[in-house]
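Q: dropping the sequence and predicted coords here.
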Amino acid sequence: MINMKRSNTLGSAILLIVLPFLILTSCNGKKESRPSAADSAAMAAKLVETTIVKTDTLNEVLSFTATVRAEVTNNITPQMGNRIVRLTAEVGDRVGRGQVLAELDRSQLTQAKVQLENTRTNFQRMDELYKIGGIAKQQWDALKTQLDVAETTYNNLLENTVLRSPISGVITARNYDSGDMASPTKPIYVVEQIAPVKLRIDVSEQYFSRLKKGMPATITVDALQGQTFEGKISLVHPAVDASTHTIGVEIQIANRDQLLRPGMYARVNLDFGHKSAVMVEDLAVVKQVGSGEFFVFVVENGKAVRRMVKVGARQNDSYEIIEGLNVGETVVTAGMNNLMDGQSVRIKEQSKL
């Protein structure tokens, strides 16, 4: 009994000594593991990388793609159906202005010629009588009309029996053989003038006031690697396309050696000089899905604010910003995945070399 009492007393004493230490240790542990409100907010902010919007010199060289076109294209087609008697040219032949390309059946032309000669002879006889008062003015007018109609009919048939090239150029298509029946709906030949040639491009309306007739252009084509051609603006269309907000521009190339041919794929550069522009890294600019609009995330008071921007030309790894950003603003360049408008952000410190 005496030993049991001593044991209980000793245990109680030890417990009284150890218990305060256990309580103190437990309290200290809880205090260290509980983060502050500021620490929680910092942990919730998304880590991003940023850059500063700045001004830079922008070289305004605009590039376009186009297809080489003939300066003039003529379809050699008769006004009425007729049998082809002879064809004089093949695809690829160079022809001169006025050169005979095809001869058609002359039956109708021969009849028209006989009719014209008879009408002219009759008119000449009546004209002598009219001069001496042998016939009335009304009768003379009717005979003169008949002669005019006969001459017009003959000339039309002549033009549609002997077909000539109206331009100097190259035969690019032949759709019939000798003996075929030609139709007005399908040309016998296609003649294209390829010296000069032209290109058609569509330029943004913002350059409308700077597009001038005679402005130089540099052209390259895939089919003639390593060769550069000089051209000039020959036409600036007066109206802006309301759907694309672009202006049609035609560029003429002399093509004296006739290396450029219709249908070739070409690249066109227009040099507008240089200017000072608001620029930002291309990594900061995001194209909105399903539209042609762009946006960036601007860091304001520790938060990412989504802002729409109007993008201009691209130079190296930067975009020109026409509207939406000011110089000195901070924009996000990395960490935009799942970034929400108004979300808190932490800027990653850049390592210093």
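A: Thanks, I have it.
Q: name all residues that make contact with the residue sitting nearest the centre point of the chain.
A: In the chain, the centroid-proximal residue (CA atoms, centre = their mean) is Asp202; its distance is 5.1 Å. Asp202 sits next to 64, 241, 244, 246-249 when contact means CB atoms under 8 Å, 6 or more residues apart in numbering. Every residue, glycine included, has its C-beta placed from N, CA and C.
Q: next one: Gln252
A: With CB under 8 Å, 6+ apart, Gln252 has these contacts: 71, 196-198, 231-234.
Q: of all the residues in the one helix or strand the residue nearest to the centre of the chain maps to, which ones are buried?
A: For Asp202, the host element (DSSP states H and E) is strand 189-204. Across strand 189-204, burial judged by 16 or more other CB atoms under 10 Å covers 189-201, 203.
Q: that older thread, among the contacts of Asp202, name the buried ones.
A: The neighbour-count criterion (16+ other CB under 10 Å) marks 64, 246-249 among the contacts of Asp202 as buried.
Q: need the residues you listed in CSV (columns: secondary structure and pLDDT).
A: As requested, these are exported to CSV (DSSP: H, G, I helix; E, B strand; the rest coil; pLDDT from 0 to 100):
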residue, secondary structure, pLDDT
Phe64, strand, 94
Thr246, strand, 95
Ile247, strand, 95
Gly248, strand, 96
Val249, strand, 97
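Q: by contact count, what packs against the one helix or strand Pro238 maps to?
A: Per DSSP H and E, Pro238 falls inside strand 228-241. On a contact count with 3 or more CB pairs under 8 Å, 6 or more residues apart in numbering; DSSP states H and E, strand 228-241 meets strand 189-204, strand 216-221, strand 246-253.
Q: what pairs with the longest one, parallel or antiparallel?
A: Same thing as strand 189-204. Strands adjacent to strand 189-204 in the sheet, as given by DSSP bridges, are strand 69-76 (antiparallel), strand 169-174 (antiparallel), strand 246-253 (antiparallel).
Q: export the strand holding Asp202 to CSV, keeping only CA atoms.
A: Output of strand 189-204 as CSV, limited to C-alpha atoms (Å, rounded to 0.1, in the frame of the first residue of the first chain):
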residue,chain,number,x,y,z
TYR,A,189,-8.2,31.7,-129.5
VAL,A,190,-7.2,33.5,-126.3
VAL,A,191,-4.5,36.1,-126.8
GLU,A,192,-2.8,37.8,-123.8
GLN,A,193,-0.6,40.8,-123.7
ILE,A,194,2.3,39.9,-121.4
ALA,A,195,4.6,42.9,-121.8
PRO,A,196,3.6,44.4,-119.5
VAL,A,197,1.9,42.2,-117.0
LYS,A,198,0.0,43.3,-113.8
LEU,A,199,-0.7,42.1,-110.3
ARG,A,200,-3.7,42.9,-108.1
ILE,A,201,-3.3,43.2,-104.3
ASP,A,202,-5.6,44.4,-101.5
VAL,A,203,-4.1,47.0,-99.1
SER,A,204,-5.5,48.0,-95.7
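Q: now the end-to-end length of stretch 210-221.
A: Chord length of stretch 210-221, first to last residue, is 25 Å (CA to CA, to the nearest Å).
Q: mind listing what's buried along it?
A: Quick answer for stretch 210-221 (16+ other CB under 10 Å): 215, 217-219, 221.
Q: what lies in contact with it?
A: For stretch 210-221, the surrounding residues in contact (CB under 8 Å, 6+ apart) are 68, 199, 203, 227-236, 247, 249, 251, 253, 260, 264-272.
Q: make it 7 Å
A: 199, 203, 228-234, 236, 247, 249, 251, 253, 260, 264-270, 272 (CB atoms under 7 Å, 6 or more residues apart in numbering).
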